[in-house]
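Asker: any chance you can model this:
(2 chains)
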Protein chains: 2
Amino acid sequence: MTNAPTPSATWVGVPADHLFGIHNLPYGVFSTSADPTRRVGVRIGDLVLDAGAVAAVGRDAGLVGDGPDLATAWQTPSLNAFLALGRSAWGTARAWLTEILTDEVHRDGVSPHLHPLADVRLHLPVEVGDYVDFYASEDHASNVGKIFRPDNAALPPNWKHLPIGYHGRSGTVVVSGTDVVRPTGQRKGPNDPAPVFGPSIRLDIEAELGYVVGGATELGSRVSVDEASDHLFGVVILNDWSARDIQAWEYVPLGPFLGKSFATTISAWVTPLEALTGARVPLPGQEDPEVLPYLRGDAFGLEVHVEVALNGTVVSRPEHRVMYWSPAQMLAHLTVNGASLRDGDLFGSGTISGAEKDTRGSLLELTWNGTEPLTLDDGSTRGFLEDGDTVTMTAWAPGPDGTRIGLGEATGTITAAR
Amino acid sequence: MTNAPTPSATWVGVPADHLFGIHNLPYGVFSTSADPTRRVGVRIGDLVLDAGAVAAVGRDAGLVGDGPDLATAWQTPSLNAFLALGRSAWGTARAWLTEILTDEVHRDGVSPHLHPLADVRLHLPVEVGDYVDFYASEDHASNVGKIFRPDNAALPPNWKHLPIGYHGRSGTVVVSGTDVVRPTGQRKGPNDPAPVFGPSIRLDIEAELGYVVGGATELGSRVSVDEASDHLFGVVILNDWSARDIQAWEYVPLGPFLGKSFATTISAWVTPLEALTGARVPLPGQEDPEVLPYLRGDAFGLEVHVEVALNGTVVSRPEHRVMYWSPAQMLAHLTVNGASLRDGDLFGSGTISGAEKDTRGSLLELTWNGTEPLTLDDGSTRGFLEDGDTVTMTAWAPGPDGTRIGLGEATGTITAAR
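Answerer: Below you'll find the predicted structure:
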């Protein structure tokens, strides 16, 4: 962590209540019509700083000194090179960005490298290595258990002993705004004599946070809970699109596969973990049972307020602070067997669902497997998603001095099956 | 497919019964002490051709014409650039390699680019995109069902309707010869009151074939069974190391995770699918039930003879021809929901086990979960793997004119948990 001050005033002139003020400074990858090269950008207000370009100016003028070569890392089409530099460089970079955006002396040098957000195209920020999805909300796991496995205990016996997770498809992680083609596949209802083939008729969402990993590790090594912050670069909003009918038929015994692998949407902006210091909260509690020692340590939770809108109607407001397992514990568990980390690995929290119905993060739970449809503002009802539906997830976390840190949005529109 | 002749005689002077004769020509990535740059090599006999170097000579001399730029694709540290060129280029490349290694006129130009196998270092041949593992042997699935789920039907109800698969960890796919650190994690036996933490005590193997994918596809599109050969570049031997105790405790409901993700070993040589034309065999049969139309087509099986040795003792001889599902069906299933393919994607067949005990591809099955230990040639017995144990998988397939096509080897030695 850097000890640099984080002044609240930026010469860019961002309103104090803006979700992308000086305390946020999320990273993304952008291009412009004038320069279609994909490169790293930093959002401030409704502007995007061409971070590599301004770092190159500083470097070429001899202003940057012996620190990490941020210009080179940022003048690439993903955050991966920057992720490889590690925690110390991330802190240096954030302190430097804060300085050039707050000290008036930099205004003339920096201003030419600021682009209006409306003029840029945002791309997938990370070349995803491995993508793992966890299952860390007790209410979500319990709800899914009741719906999918009504004859068993709602919570699997291992659930409170380890953060259950599985690998998803990293090649189909897409950036917010990408259309989602309705997936086709096999399903078999309890009364179907044989499986039926066709477009999914139970297409769903899962509101999650995603954690972007940096500081690659060696095969055979582990990351402890206390070391996890050195590898947790930042946070995105993640929509784990799910075809419930495909999933229900395929997932025993090896887990979800085609019911998930068609698309996973993440927000274009990666908010650094450093920006979320003020959002750290204790976990709800892991006393019964107590967790094994390798899952103990500085296992902070995060207060993040998520909002899920379907065609403009807010259908849920999940609260991330209810999550039973923390991201640091997930990373410790993921590596306890010696699995290595790569820069650009991504893991999801699992659906964020609370005890109250209007804080459930999936339609499966909100409509209880379609049996209690939602009514949207236009009067239409939904059990699951229809073609043309747009789902938009947004989120914010508390920042310093009463400010809010925006986590951008993860949005996608369903297009008809091909 | 190329229509070029494949003469049986190479001026390199390889014995007719050599597993790496002119009909094989597998691709790998190598370096030498004189030139530590990783680049694409082709194995012929006990030599490795620096494929990119010789292609560059041909290109610079104007001999190659307007075909794909193989020199550029091969002078990279993985096969991925070559995989991106697609089926037509793979055929062109194979015809050209066959020509320069059979026509004496090329001897003087090519010879300087041949390195003794003993003098090169072999690296992971592919930068793996997504890694999926299937479960395509009926005997394996049935055996695992009986051992892990004794109260249920041996075969899950979906098993004969779709090739069950799940995503594994692509970042921990390692090349043959890489040591495997014994994984640590949670396990809980039926009589344990709470989970226990420590090194796995049921460390196992799974003998599989792996399929290397090229010719990337767009999100939302599908690959049919008949189109699959355009994306199936080649075959490796794959050892899906498995910690059965970790797996048994964690895998319900989301599938295997840490019980598998610590390491997956593949052979250094990727044998092109074109080299296995003579190994194509009909599938054992999918009449009851008949599979859905999207899984029908030219769904060839492959006759590949696998041998599994533990510390030099052959413990199993799995026969790949028994596999219920074919690689073309796996690829069609994997993409039926619109999931895109990347160059370098890898999928495993699942453990290759036949009906006879000595053709089972895992210790779990060979020792029936450790209850019937194997006796090795040195008189020692094994239920599961001990530290220091070396597992070596080799394989061959029938080639033209009574020749054999070697698939190299996947070997690894267990080192103590850290």
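Asker: make it CA atoms for all contacts and neighbour counts henceforth
Answerer: OK.
Asker: strands along the stretch 251-400 of chain A, start to end?
Answerer: In the stretch 251-400 of chain A, the strands defined using DSSP state E, counting those that start in this stretch lie at A:264-266, A:271-272, A:280-281, A:301-302, A:305-310, A:313-316, A:346-348, A:374-375, A:381-382, A:390-398.
Asker: and these as JSON lines, adding mean neighbour count, mean pLDDT and distance to B:Pro68?
Answerer: Conversion of the strands of the stretch 251-400 of chain A to JSON lines gives the following (neighbours: other CA atoms under 10 Å in any protein chain shown; pLDDT from 0 to 100; distance: least, CA to CA, whole Å):
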{"stretch": "strand A:264-266", "mean neighbour count": "28", "mean pLDDT": "99", "distance to B:Pro68": "34"}
{"stretch": "strand A:271-272", "mean neighbour count": "26", "mean pLDDT": "98", "distance to B:Pro68": "42"}
{"stretch": "strand A:280-281", "mean neighbour count": "16", "mean pLDDT": "98", "distance to B:Pro68": "54"}
{"stretch": "strand A:301-302", "mean neighbour count": "22", "mean pLDDT": "98", "distance to B:Pro68": "52"}
{"stretch": "strand A:305-310", "mean neighbour count": "21", "mean pLDDT": "98", "distance to B:Pro68": "48"}
{"stretch": "strand A:313-316", "mean neighbour count": "19", "mean pLDDT": "98", "distance to B:Pro68": "52"}
{"stretch": "strand A:346-348", "mean neighbour count": "28", "mean pLDDT": "98", "distance to B:Pro68": "35"}
{"stretch": "strand A:374-375", "mean neighbour count": "15", "mean pLDDT": "98", "distance to B:Pro68": "55"}
{"stretch": "strand A:381-382", "mean neighbour count": "16", "mean pLDDT": "98", "distance to B:Pro68": "51"}
{"stretch": "strand A:390-398", "mean neighbour count": "22", "mean pLDDT": "98", "distance to B:Pro68": "43"}
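Asker: take those and lay them out in a markdown table including distance to chain B.
Answerer: Output for the strands of the stretch 251-400 of chain A, formatted as a markdown table (distance: least, CA to the nearest CA, whole Å):
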| stretch | distance to chain B |
| --- | --- |
| strand A:264-266 | 11 |
| strand A:271-272 | 24 |
| strand A:280-281 | 27 |
| strand A:301-302 | 23 |
| strand A:305-310 | 22 |
| strand A:313-316 | 25 |
| strand A:346-348 | 12 |
| strand A:374-375 | 26 |
| strand A:381-382 | 22 |
| strand A:390-398 | 17 |
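Asker: for B:Ser353, find the nearest of the ones you listed.
Answerer: strand A:346-348 (33.5 Å; CA to CA).
Asker: flag the shaky bits of chain A, pLDDT-wise.
Answerer: Chain A contains residues with pLDDT under 70 at A:1-8, A:63-66.
Asker: so which elements touch the longest helix anywhere in chain A?
Answerer: Using DSSP state H to define each element, chain A has its longest helix at helix A:87-102. Here helix A:87-102 touches helix A:107-110, going by 3 or more CA pairs under 8 Å, 6 or more residues apart in numbering or on different chains; DSSP states H and E.
Asker: next secondary structure after the helix it packs on?
Answerer: For helix A:107-110, the succeeding helix or strand toward the C-terminus, using DSSP states H and E, is strand A:114-116.
Asker: which positions in that following strand come out as buried?
Answerer: A:114-115 (16 or more other CA atoms under 10 Å in any protein chain shown).
Asker: now stretch A:26-38
Answerer: Here stretch A:26-38 shows A:26-32, A:38 as buried, counting by 16+ other CA under 10 Å.
Asker: and the residues you listed, which two are the farthest apart?
Answerer: A:Pro26 and A:Thr32 (18.3 Å).
Asker: where exactly do the helices run in chain A?
Answerer: A:51-60, A:70-74, A:80-85, A:87-102, A:107-110, A:138-148, A:244-250, A:327-335, A:363-366.
Asker: just want the angle from the longest one to helix A:51-60.
Answerer: Note on geometry: by axes from the mean of the first three to the mean of the last three CA atoms, to 10 degrees, helix A:87-102 and helix A:51-60 are set 90 degrees apart in direction.
Asker: would you mind writing the CA trace of helix A:87-102 as CSV?
Answerer: Extracted as CSV, the C-alpha positions of helix A:87-102 are listed here (Å, rounded to 0.1, in the frame of the first residue of the first chain):
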residue,chain,number,x,y,z
ARG,A,87,1.6,-4.6,-5.5
SER,A,88,4.4,-2.2,-5.0
ALA,A,89,4.2,-0.9,-8.6
TRP,A,90,0.4,-0.7,-8.3
GLY,A,91,0.9,1.6,-5.3
THR,A,92,3.5,3.7,-7.0
ALA,A,93,1.2,4.1,-10.0
ARG,A,94,-1.8,5.1,-8.0
ALA,A,95,0.2,7.7,-6.0
TRP,A,96,1.6,9.1,-9.3
LEU,A,97,-1.9,9.2,-10.9
THR,A,98,-3.3,10.9,-7.8
GLU,A,99,-0.5,13.5,-7.9
ILE,A,100,-0.8,14.4,-11.6
LEU,A,101,-4.6,14.7,-11.3
THR,A,102,-4.5,16.9,-8.2
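Asker: buried sites along that helix?
Answerer: A:87, A:89-95, A:97-102.
Asker: for these, which one is nearest chain B?
Answerer: Closest approach to chain B among these (CA to the nearest CA): A:Arg87, at 21.0 Å.
Asker: so who does that closest one touch?
Answerer: A:Arg87 sits next to A:1, A:215, A:230-231, A:233 when contact means CA atoms under 8 Å, 6 or more residues apart in numbering or on different chains.
Asker: including distance to A:Ser224 and neighbour count, could these go into CSV?
Answerer: What follows is the contacts of A:Arg87, written out as CSV (distance: CA to CA, whole Å; neighbours: other CA atoms under 10 Å in any protein chain shown):
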residue, distance to A:Ser224, neighbour count
A:Met1, 18, 15
A:Gly215, 14, 20
A:Asp230, 10, 18
A:His231, 10, 26
A:Phe233, 16, 24
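Asker: which pair in the residues you listed spans the largest distance?
Answerer: Farthest pair in those, by CA to CA: A:Met1 and A:Gly215, 14.4 Å.
Asker: interface residues of the stretch 151-300 of chain A facing chain B?
Answerer: Residues of the stretch 151-300 of chain A lying near chain B by CA under 8 Å from any CA of the partner chain: A:156, A:158, A:161, A:164-172, A:180-185, A:195, A:197, A:219-221, A:249-258, A:261-263, A:292.
Asker: just the buried members of those residues?
Answerer: Using 16+ other CA under 10 Å, the buried ones in these are A:156, A:158, A:161, A:164-172, A:180-185, A:195, A:219-221, A:249-258, A:261-263.
Asker: wait, isn't A:Leu283 in contact with A:Ala328?
Answerer: No - applying CA atoms under 8 Å, one finds A:Leu283 not in contact with A:Ala328, separated by 11.4 Å.
Asker: of these two, who's got more company?
Answerer: Taking neighbours as other CA atoms under 10 Å in any protein chain shown, A:Leu283 and A:Ala328 compare with A:Ala328 leading, 27 against 17.
Asker: and the more buried one, how far is that from chain B?
Answerer: 16 Å (CA to the nearest CA, to the nearest Å).
Asker: that'll do, ta.
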